[in-house]
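>>> Return a 3D structure for these sequence lines:
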Amino acid sequence: MNKLNNMKVCWWLILGMGLFFCQVTTVLGATATPFSVSLGFDFASGDYGTGEDTESIRIPLTLGYVPNDWLDFELVIPYLYQDNDSTVNLGGQRFPRHSSGSGGSGGSGYSGGMGDETEISNASQNGLGDVTLTAGYILHQETETLPMFRPIVYIKMPTGDEDKGLSTGAFDFGGGLSLGKGFGDWFTYAEAMYVAPGTTSSYKPDDYWTYLMSASYSLTEQLAYGIDLSGATAAFDNGDDALAVEFNVNYWTSQYGRIGGYVAKGLSDGSADYMVGFSSMINF
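Numbers count the residues shown, from 1 in each chain. Next up, the predicted model:
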């Protein structure tokens with residue numbers, strides 16, 4: 001019954017996304033501002049190397065602010081649902097919950113398991129996930145010969161419940177670099193980020209890398225297709241690196257509104273077997 005109630009919550013949130021999309025079409029004559037709001041829905045299924053399948057839903061509310069041509073901010077507030085708690089979510093990346101890291105790549109050498117207070121119940125869990133904030137600054141705008149050059153900084157705030165496997169209960173910090181370059185109707189993008197996760201008595205994750213490489217093609221002024229390759233190094237001992245390929249499509253309903261969807265396939269044991277999702281965005 002509890003799982004049924006949790007799924008009802010998810011479907012109500014999906015209905016809310018539909019109403020949100022309806023609002024996208026109302027901004028056709030609006031005047032653009034530096035603010036944007038995006039609502040997404042992501043479903044994933046896989047065992048992530050644990051031997052037990054986890055089906056999960058992530059519904060991120062994303063608030064964007066771009067005050068000028070160089071600086072940008074992105075705040076992500078996710079709602080999470082998972083049908084068991086054998087994995088833990090680290091800022092959008094899902095890792096096995098059964099193992100522990102050493103508390104940092106150069107840390108104290110701690111290699112013990114999770115604290116006694118952390119128990120895996122295999123019950124469905126849902127609630128607020130960890131809020132993340134990412135900021136980027138374009139040091140070099142794209143030219144005919146050189147790509148856009150944009151350093152980024154990242155922080156994860158422990159707003160999720162660590163006992164449910166929705167959070168590690170600690171602040172994480174990261175930094176990285178992104179590059180972007182257009183070639184006619186094609187646009188290419190690459191990003192790499194190093195994350196130093198915090199530790200608690202329950203979780204001692206290692207430092208890890210995340211990365212993304214993508215290419216998109218503008219079929220028309222409103223319609224674009226793309227392919228992404230994304231992954232992350234393992235954050236816990238005996239875990240597998242994550243690697244997945246994604247195919248996506250985006251349609252601009254107006255100058256200020258966009259809807260999109262994707263399907264993805266995991267290419268390693270550290271990733272979900274498959275993923276599917278969609279989103280809508282308004283710039284206002």
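>>> For the rest of this, base every contact and every neighbour count on C-alpha atoms.
Fine.
>>> Show me where the stretch 1-150 of the chain dips below the pLDDT cut-off.
For the stretch 1-150 of the chain, the stretches with pLDDT under 70 are 1-32, 98-121.
>>> could you pull out the strands for it?
35-46, 54-65, 71-82, 87-90, 93-96, 125-128, 131-137, 148-157 (DSSP state E, counting those that start in this stretch).
>>> Just tell me which of the ones you listed ends up closest to residue 282.
Of all the strands of the stretch 1-150 of the chain, strand 35-46 sits nearest to residue 282, with 5.4 Å by CA to CA.
>>> Name every strand pairing with the closest one and say which way it goes.
strand 54-65 (antiparallel), strand 274-283 (antiparallel) (DSSP bridges).
>>> For these, give me TSV that also has mean neighbour count and distance to residue 181.
As requested, the strands paired with strand 35-46 are exported to TSV (neighbours: other CA atoms under 10 Å; distance: least, CA to CA, whole Å):
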stretch	mean neighbour count	distance to residue 181
strand 54-65	20	22
strand 274-283	21	23
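>>> that older thread, who wins for proximity to residue 255 among the strands of the stretch 1-150 of the chain?
Here strand 35-46 is closest among the strands of the stretch 1-150 of the chain (CA to CA), at 12.4 Å.
>>> I'd like the distance between the closest residue to residue 160 other than its chain neighbours and residue 91.
Nearest-residue entry for residue 160: residue 129, 4.2 Å, with adjacent residues in sequence omitted and distances by CA to CA, 6 or more residues apart in numbering. In this view, residue 129 and residue 91 are 8 Å apart by CA to CA, to the nearest Å.
>>> Same list, the strands paired with strand 35-46, but as TSV with distance to residue 79 please.
Listed next are the strands paired with strand 35-46 as TSV, based on distance: least, CA to CA, whole Å:
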stretch	distance to residue 79
strand 54-65	5
strand 274-283	14
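>>> Can you say which of these is nearest to residue 186?
Closest among the strands paired with strand 35-46, using CA to CA: strand 274-283, at 21.7 Å.
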